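A.B. asks: okay, predicted coordinates and the sequence, questions at the end:
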Amino acid sequence: MNVPNERKLTIARAMAEAVAQEMRVDDGVFVMGEDIAALGGVYGNTRGLLDEFGSERIRDTPISETAFIGAAVGAAQDGMRPVVELMFVDFFGVCFDAIYNLMAKNTYFSGGNFKVPMVLMTSTGGGYSDAGQHSQCLYGTFAHLPGMKVVCPSNAYDAKGLMTAAMRDDSPVVYMYHKSLQGMGWLATEPGATVHTPEESYTVEIGKAKVAREGRDVTIVSVGMGVHHALNAAAQLEADGVSAEVIDLVSLVPLDRDTIRASVAKTGRLIVVDEDYMSYGVSGEVIASVTEHDISVLKAAPKRVAYPDVPIPYARVMEQFCLPNPEKIIAAYQEMNAA
Amino acid sequence: MAPTRDEQHWMYRNMVTSRKFEETIAGIYFEGKTPVFSMADGPIPGEMHLSDGQEPVAVGVCAHLNADDVVTATHRPHHQAIAKGVELNKMAAEIFGKATGLSGGRGGHMHLFDADVNFACSGIIAQGMGPAVGAALSRHMQKKPGVGVAFVGEGAVNQGGWHEAMNLAATWNLPFVCVIEDNAWGISVPKEDSTAISNNADRAAAYGIPGIRVADNDPFAIYEAAGEAIRRARAGEGPSLIEVETYRLAGHFMGDAEGYRPEGEKDALFAKDPIPKMRATMLASGVATEAELDAIEAESTARVEAAITFARESADPAPEDALTAVFA
Ligand SMILES: Cc1ncc(C[n+]2csc(CCOP(=O)(O)OP(=O)(O)O)c2C)c(N)n1
Ligand SMILES: [Mg+2]
């Protein structure tokens, strides 16, 4: 389909554009992290920023995450609006204290006297055989800990608007982008992520889910890459006469429970797709949002298509066995309907 | 203390084997990744960090170690694994994600584990420090011989965990050696932009232990410095810190366009390639003949080729094996 004046961007470019536009109007915004300056980010999301803004505001850091994320907290509390990157979510183990005990708690501990307006961005996801220290999603880990908002775009339009909203938010926002959606030269990208993205600055509301596809028979809820698996499965289900609704959570914290509930009230069936580990995570939370509220809307027990509770293996056959995919979603629907 | 003739032959053999291994992996890595490069494709998917140029550090240190000594290595581990004696067939098979690999394909290139020679590596910066110090603690408490050696990149010394482990090892006077491979780069960030001092060996003063910097990737000087550090550790005299100036001849990972590297830098490094240099030194000093070194090269090539053939011909793991080995 050809849309007049269509302006397709990758998520990487959409993120960089949002940051650049905000830096032009807000002197408090600056970026720091590893390989974000000359390299433009391992995932391209800061490309071009060094050229425009220079090394005072676009700062490569040492591999000292506890220091620079803690420093971002301090700078944010002192009037700056840092955008901080740590290239893989798996690496946060080295600096988690600065995140969940400082960034996430200082607003509360100070009774609102301190604000921590910072954005922490990181990549998630596997599927390309990088093994278990470079392929996790850890959505549930961040979403579990109170005090930080957590967003996760599935396409470039949302990526740009969420980034702008995150930079303008007075609370800390963890911005998680999926590698398979990013549009990097070295990793295949899901085409559905590269969409029309307006040039002018705009925001996408944090805490509001989107109906990515309307349907009547089953609700498939997901986030990030999982949304594309869900849309793919929905297209295949349609050929079998099944009308699937797909909900893109967009934001994990706050979680838009109303949109999930309204959809399931309509369809009566719920499948949650999550590339993060199955247990104690997003998939269980989404299901609880429905079952705690009104279990009578359900025509079948909800299903989860999530990563099994094992570390992520390197070998392709083993990793692919574990990952969510459209076939697993369709199988989940069929099991649900057979029951 | 200079390496003996046999040690020099061993060092040269392992440097050549490592380089041959990396060159072979590099060739295979692009299989299935053309015309459109995607890291997910081909017989060796995922990130690949090659150690070309850094071989002197591995052999100069491991020449003093035996299978009982414990080594932890980094995301760039092949040279160290080879010098530590990791079984090459199983290592290659692991990198190909095969059932016959060291870990049955669960770990891949960044997670090579060989219990027979006490070798492990992992992908997060400075992560090996604690475990190597812990191995040293265990040997000390069990009154068993053996030292713990952690190889890290120069980027890793800015990681908080690095300092904690150094202080712990020094406070408890443990048989531990930290070897910093200073290849001047942490991905795209040059050392001088990330590190407040130029000589990381100076940091030893902060822990009250000896620190030495070895210039110019010299296998003999590395051998000597490591020999003294490991002697001290074995004698119960405590930990040491060594920083080696080495060269990253490849990109950070395969597929790295290296636009951040100053023009001419790589040519200058290739001109100082440690392998031809070591060959020339050994010939000049008379510890080896052309024929002997040619034979070492041929044998190393054959060994690498056999390992790659073993890896290629091995079966994939069963997909559902992903669910096994989570717990002991
Ligand atoms: C805690 C942590 N932060 C960041 C990274 C990403 N990363 C992987 S390699 C690397 C550079 C490491 O540089 P150095 O320690 O000098 O090793 P080299 O790659 O030069 O061998 C970085 C930043 C990581 N793996 N772990
Ligand atoms: Mg380095």
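C.D. replies: Now that the structure is in, tell me what you want to look at. Numbers count the residues shown, from 1 in each chain, chains lettered A, B, ... in the order given. Ligands and ions are numbered 1, 2, ... in the order given.
A.B. asks: and the closest residue to residue B:86 other than its chain neighbours, backbone torsions?
C.D. replies: Spatial nearest neighbour of residue B:86, excluding adjacent residues (CB to CB, 6 or more residues apart in numbering or on different chains): residue B:114 at 4.4 Å. C-beta coordinates here come from the backbone N, C-alpha and C atoms, glycine included. When read as degrees, to the nearest 10, the backbone of residue B:114 gives phi -130, psi 100.
A.B. asks: burial measure for residue B:114, as a count.
C.D. replies: Using other CB atoms under 10 Å in any protein chain shown, residue B:114 has 21 other residues around it.
A.B. asks: residue A:52 now?
C.D. replies: 12.
A.B. asks: for it, list the residues it contacts.
C.D. replies: A:20, A:23 (CB atoms under 8 Å, 6 or more residues apart in numbering or on different chains).
A.B. asks: please apply the same query to residue A:117.
C.D. replies: Contact analysis of residue A:117 by CB under 8 Å, 6+ apart lists A:76, A:81, A:167, A:169, A:170, A:171, A:172.
A.B. asks: and residue 22, what pLDDT?
C.D. replies: Using chain A here. pLDDT recorded at residue A:22 is 98.
A.B. asks: oops, I was thinking of chain B
C.D. replies: With respect to pLDDT, residue B:22 scores 98.
A.B. asks: please name the nearest non-neighbouring residue to it.
C.D. replies: Using CB to CB, 6+ apart, the nearest residue to residue B:22 is residue B:50, at 4.6 Å.
A.B. asks: wait, isn't that neighbour in contact with residue B:250?
C.D. replies: Yes. The pair residue B:50 / residue B:250 is scored as a contact, 4.2 Å apart, by CB atoms under 8 Å.
A.B. asks: those two - which one has more neighbours?
C.D. replies: residue B:50 (25 against 21).
A.B. asks: ok, back up a step: so which of the contacts of residue A:117 wins on neighbours?
C.D. replies: Result: residue A:172 is most packed of these (other CB under 10 Å), 28 neighbours.
A.B. asks: quick check: the gap between it and residue A:250.
C.D. replies: Going from residue A:172 to residue A:250 by CB to CB, to the nearest Å gives 18 Å.
A.B. asks: which SS class is residue 27?
C.D. replies: No chain in the question, so chain A it is. For residue A:27, the assignment made with DSSP: H, G, I helix; E, B strand; the rest coil gives coil.
A.B. asks: please go with chain B instead
C.D. replies: Here residue B:27 is recorded as helix under three-state DSSP.
A.B. asks: the stretch 1-150 of chain B: strands as residue ranges?
C.D. replies: Remark: strands assigned in the stretch 1-150 of chain B by DSSP state E, counting those that start in this stretch are B:70-73, B:113-114, B:119-121, B:148-153.
A.B. asks: is it possible to get TSV of those strands that adds mean pLDDT?
C.D. replies: Listed next are the strands of the stretch 1-150 of chain B as TSV, based on pLDDT from 0 to 100:
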stretch	mean pLDDT
strand B:70-73	98
strand B:113-114	98
strand B:119-121	98
strand B:148-153	98
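A.B. asks: closest residue of the stretch 151-300 of chain A to ligand 1?
C.D. replies: Across the stretch 151-300 of chain A, the shortest distance to ligand 1 (CB to the nearest ligand atom) belongs to residue A:179, at 13.9 Å.
A.B. asks: that residue is in contact with residue A:128, isn't it?
C.D. replies: Yes. Counting by CB under 8 Å, residue A:179 touches residue A:128, with 7.3 Å between them.
A.B. asks: shared neighbours of those two, anything?
C.D. replies: residue A:187.
A.B. asks: please say which of those two ends up with more neighbours.
C.D. replies: residue A:179 (27 against 21).
A.B. asks: would you mind measuring from the more buried one to residue B:111?
C.D. replies: Taking CB to CB as the measure, residue A:179 and residue B:111 are separated by 19 Å.
A.B. asks: contacts only, for the residue sitting nearest the centre point of chain B.
C.D. replies: Central residue of chain B (CA atoms, centre = their mean): residue B:80, 2.9 Å from the mean position. Residue B:80 makes contacts with B:51, B:57, B:58, B:62, B:71, B:73, B:74, B:119, B:121, B:151, as judged by CB under 8 Å, 6+ apart.
A.B. asks: quick check: the second one vs chain A, distance?
C.D. replies: Meaning residue B:57. 19 Å (CB to the nearest CB, to the nearest Å).
A.B. asks: again, but for the third one
C.D. replies: Residue B:58 sits 22 Å away from chain A, going by CB to the nearest CB.
A.B. asks: before we move on, what about the first one?
C.D. replies: When CB to the nearest CB is applied, the distance between residue B:51 and chain A equals 18 Å.
A.B. asks: residue contacts, the one residue in the stretch 151-300 of chain B that gets nearest to ligand 1?
C.D. replies: Going by CB to the nearest ligand atom, ligand 1 is nearest to residue B:153 of the stretch 151-300 of chain B, at 2.2 Å. By CB under 8 Å, 6+ apart, the residues touching residue B:153 are B:74, B:76, B:125, B:180, B:181, B:182, B:183, B:186.
A.B. asks: next up, the contacts around residue B:10.
C.D. replies: So residue B:10 contacts B:59, B:63 (CB under 8 Å, 6+ apart).
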